[in-house]
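In: Here you go, sequence then predicted model.
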Amino acid sequence: MWADNETDVDLLGFDVLVDELVVALTEPRLLPLTVGVLGDWGSGKSSLLKIARHELEADEQKRYVCAGFSPWQYEDYDDVKAALMAAVLDACQSRAASQEAELQVGRLRRFVNGLARRSRAVGRAALAAMPAAAPALIAAADPALAATTVAAGAAVASAAAPLAAGALDEHAAPAVPGDDIRDIAEFRDTFSQLVRSLDGVDAVIVFIDDLDRCLPETVVDTFEAIRLFLNAPRTAYVVAANREIVESAIDSRYPELRRHDGRGIGHEYLEKMLQLQVSVPPLSAAETEAYVNLLVTELHLSDTDFGNVCAALRERRTADPFGSTYNKALAGDVLGDLLTPALSGDLTWASDISPALADGLRGNPRQVKRFLNDLTWRKRAAARRSVELRPDVLAKLMVLEERDGDDFQTLFDWQLGSDGPSRQVVLAEALARADDSPQPAKLTADSGHVSPKTRSPAAGTQPGSAGKAPKAAGRAGVKPDAAEESAAREQAAGWVARPRIRAWLQLPPDLSPFDLRPYFTYFRDRLIVGSVASALRPALRVILGRITSDVPAVSRDALTECAALPAADQDELAAAVLDAAVRRPDGAALPAAAEFAARVPRTAPGICDALSRIPHASLPAIKIPGVLRRLPDGPEKNALAAGWAASSIPAVAAAASAAARPRLGTG
């Protein structure tokens, strides 16, 4: 399995991004400089920082002093400004070769220690003066900001005046003998002298990570420490963060500083603080495939052999930056004699699932690694009980689990009602593979053929299929009941009609030959087991599947049949429909429950009561008007509507209130 840590081994093809960052940091004319490395959580920002730092520290002339800092580690423990300044001074002291430099470090450190003591003594509010520089920063970044907007921070700014001008207030720690640094300006001058005195050092470079994990106060404190204290010649600061999160934190820190249109100052603040920005993009499909295959390969090779493979791939990327660097087809060329049968087998399923990971996980390296860890964990857990799970089958199920928990639950419910491969999956995969046209193929009610009326002329069939869906095991070899078969076909057609599900069905491998129950054992934390539907006899389970179908005509026909059923069967079906509606309010069962009450009015009180107990936060507001229109009139419906209209969830309350208003043309 793989640790979720940053690495200085480039598995993501970050060569170009590293080059951009290193070039900027080593250009003397750009210093002092603050660079933002911006990307989503898990996009590889930390690894990019570590790779760039490793390259700078490998400089033969030792021209760069590098320091790492995580403000997240100091929250609620120490003053972040003081902690950052101390980390920078520690790095400088490691290269202080003269007595004068040592003395400067000592003077600076005593000032920092005093600042930290002061912070601990009077709390974060005592340093509120530091981030009060924001109004001035924002005004400089965008003079169009209204004077009244900037003035909103005047009270905070006025409190900052004594410290910003250079005098520590009465809360400052007592002076330490020999500590002659008394204000920010003198600290900055002394720090600048220290950096210039470092023998053979072209720049002090500080890599700041995890800023997007911090509280708003910590985010602002970190930037203000750079701007007010540490912005000296020959210094550079690299800040890795998620742009949206940091901008939101700044907006939260300064709620009183807003534009006339209500927008906060986060964007302008960040633009002012960061002179250069390096964006870390999501992995493309080819990059995701190379990354997955490299992770799998790493498990099979020694560190030396794996390092040689990575070096070979770097050469390939240099020669062809946009070509496929490492997939199953190229593995033999890259690995040579290192390609063992076991590694070849793992690369097969790894390559098969890569397209789904690039799409479903949005090319996010951390999510890809966690996906592979979950897959390996489940496979090993099964092996402890002598259960063999095929990794490609497991991976395909995990892709659906990751994409849509409701559809994954549906797949489980289908499998739970089968003694072998799920009939719905067999039919759905046949349709998905047989018809490549945008419009889903329809199945006739009495055969496994795809209707020629809906088939694209260019669409083909799988070799030897003759347009027929492959047969699957029914209930222990018994031919499925006609009604049950018809319901399975309708459910399969409904699935194939949805593009994302059709794309998932087309992923390898074909699930048709497999009884998936052993696999679902290792998804118990994500599944609802023992639903009311599982206790229904087969005939009623078929009707339930049609009632909750995504195809409205199928659901209406099934509800019409319910009106003629015995009362006991109606009650069982009503309970099962309500169970499905409560478990998944955003599915087809919620409106089906309301329509059930309309077709079988005696069930209306119980159905209204059950619907009233669904948490309002789970209710899809868009479905509320339709549910209320379908329910038969009566006190139970009125009570339900009133409860929804009084909801603390605005969207639910608005939808229920709108549904209660009479429509045009009605009395």
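Out: Structure's in. What do you need?
In: mind giving me the domain ranges of the chain?
Out: With domains defined by automatic domain parsing, the chain comprises 17-215+222-240+264-275, 285-522, 533-660.
In: what's the closest of these to residue 11?
Out: When the domains of the chain are compared by C-beta to C-beta, domain 285-522 sits nearest residue 11, at 4.8 Å. All C-beta spots, glycine's among them, are computed from the backbone N, C-alpha and C.
In: Next, the distance between the ends of the closest one.
Out: End-to-end distance of domain 285-522: 28 Å, with C-alpha to C-alpha, to the nearest Å as the criterion.
In: I figured residue 614 was touching residue 583, is that so?
Out: No - Residue 614 lies out of contact with residue 583 (C-beta atoms under 8 Å); the separation is 9.8 Å.
In: rewinding a little: any chance of JSON lines for the domains of the chain, columns distance to residue 251?
Out: Shown next, in JSON lines, are the domains of the chain (distance: least, C-beta to C-beta, whole Å):
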{"stretch": "domain 17-215+222-240+264-275", "distance to residue 251": "3"}
{"stretch": "domain 285-522", "distance to residue 251": "25"}
{"stretch": "domain 533-660", "distance to residue 251": "22"}
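In: and of the ones you listed, who's closest to residue 246?
Out: Minimum separation from residue 246 across the domains of the chain (C-beta to C-beta) falls at domain 17-215+222-240+264-275, 5.8 Å.
In: start to end distance for that closest one?
Out: Length of domain 17-215+222-240+264-275, first residue to last, C-alpha to C-alpha: 16 Å.
In: Distance from that domain to the middle of the chain?
Out: 30 Å (C-alpha atoms, centre = their mean, to the nearest Å).
In: Residue 237: which element?
Out: Assigned by DSSP states H and E, residue 237 falls within strand 235-241.
In: pLDDT (mean, whole number) over the helix or strand following that strand?
Out: Once the chain leaves strand 235-241, the next helix or strand it forms, by DSSP H and E, is helix 243-253. The pLDDT scores in helix 243-253 average 86.
In: what does stretch 404-420 give?
Out: Across stretch 404-420, pLDDT averages out at 78.
In: Select the longest helix from the protein.
Out: The helix of greatest length in the chain, counted in residues with DSSP state H as the criterion, is given as helix 99-122.
In: coming back round to it: for the strand holding residue 237, which strands pair with it and how are they oriented?
Out: Strand 235-241 pairs in its sheet with strand 33-38 (parallel), strand 203-208 (parallel), by DSSP bridges.
In: State the mean pLDDT of the last one.
Out: Which is strand 203-208. Averaged across strand 203-208, the pLDDT comes to 91.
In: chain center to the very next helix or strand once past it: distance?
Out: For strand 203-208, the following helix or strand on the C-terminal side (DSSP H and E) is helix 216-228. Distance, stretch centre to chain centre, for helix 216-228: 27 Å (C-alpha atoms, centre = their mean).
In: now helix 216-228 and strand 203-208, what's the angle there?
Out: Computed by axes from the mean of the first three to the mean of the last three C-alpha atoms, to 10 degrees, the angle separating helix 216-228 from strand 203-208 equals 170 degrees.
In: I'd like to know which elements helix 216-228 is packed against.
Out: helix 80-93, strand 235-241, helix 243-253, helix 266-273 (3 or more C-beta pairs under 8 Å, 6 or more residues apart in numbering; DSSP states H and E).
In: switch the cut-off to 7 Å
Out: Here helix 216-228 touches helix 80-93, helix 243-253, going by 3 or more C-beta pairs under 7 Å, 6 or more residues apart in numbering; DSSP states H and E.
In: residue ranges with poor pLDDT in the stretch 251-400 of the chain?
Out: Along the stretch 251-400 of the chain, segments meeting pLDDT under 70 span 321-325, 327, 356, 359-362.
In: So in this protein, where's the weakest helix or strand by average pLDDT?
Out: For the chain, using mean pLDDT, DSSP states H and E, the weakest element among its helices and strands is helix 154-165, scoring a mean of 37.
In: Past that helix, which element shows up next along the chain?
Out: helix 184-197.
In: With residue 659 as the reference, measure out to residue 653.
Out: The gap separating residue 653 from residue 659 is 11 Å, by C-beta to C-beta, to the nearest Å.
In: circling back to that earlier point, can you say which of the domains of the chain is nearest to residue 249?
Out: Closest to residue 249 of the domains of the chain, according to C-beta to C-beta: domain 17-215+222-240+264-275, at 7.3 Å.
In: picking that back up, most packed of the strands paired with strand 235-241?
Out: Each of the strands paired with strand 235-241 was scored by mean neighbour count; the highest is strand 203-208, a mean of 24, by mean count of other C-beta atoms under 10 Å.
In: Check what contacts that one and list those residues.
Out: Contacts with strand 203-208, where a contact means C-beta atoms under 7 Å, 6 or more residues apart in numbering, come from 25, 31, 49, 53, 56, 64-69, 71, 88, 91-92, 195, 222, 234-240.
In: for stretch 98-111, same thing?
Out: Contacts of stretch 98-111 (C-beta under 7 Å, 6+ apart): 89, 92-93, 96, 176, 179-181, 187, 190-191, 193-194, 197-198.
In: Equivalent analysis for stretch 300-307, please.
Out: With contacts defined as C-beta under 7 Å, 6+ apart, stretch 300-307 is touched by 297-298, 309, 338, 340, 342-343.
In: do the same with stretch 183-198
Out: Identification of contacts with stretch 183-198 by C-beta under 7 Å, 6+ apart yields 65, 92, 95-96, 98, 100-101, 104-105, 107-108, 111, 166-167, 181, 204, 228-230, 232-235.
In: Got a ChimeraX select line for the buried ones in those?
Out: In ChimeraX syntax, the buried subset of the contacts of stretch 183-198 is picked out as below (16 or more other C-beta atoms under 10 Å):
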select :65,92,95,96,101,104,105,107,108,111,181,204,228,229,230,232,234,235
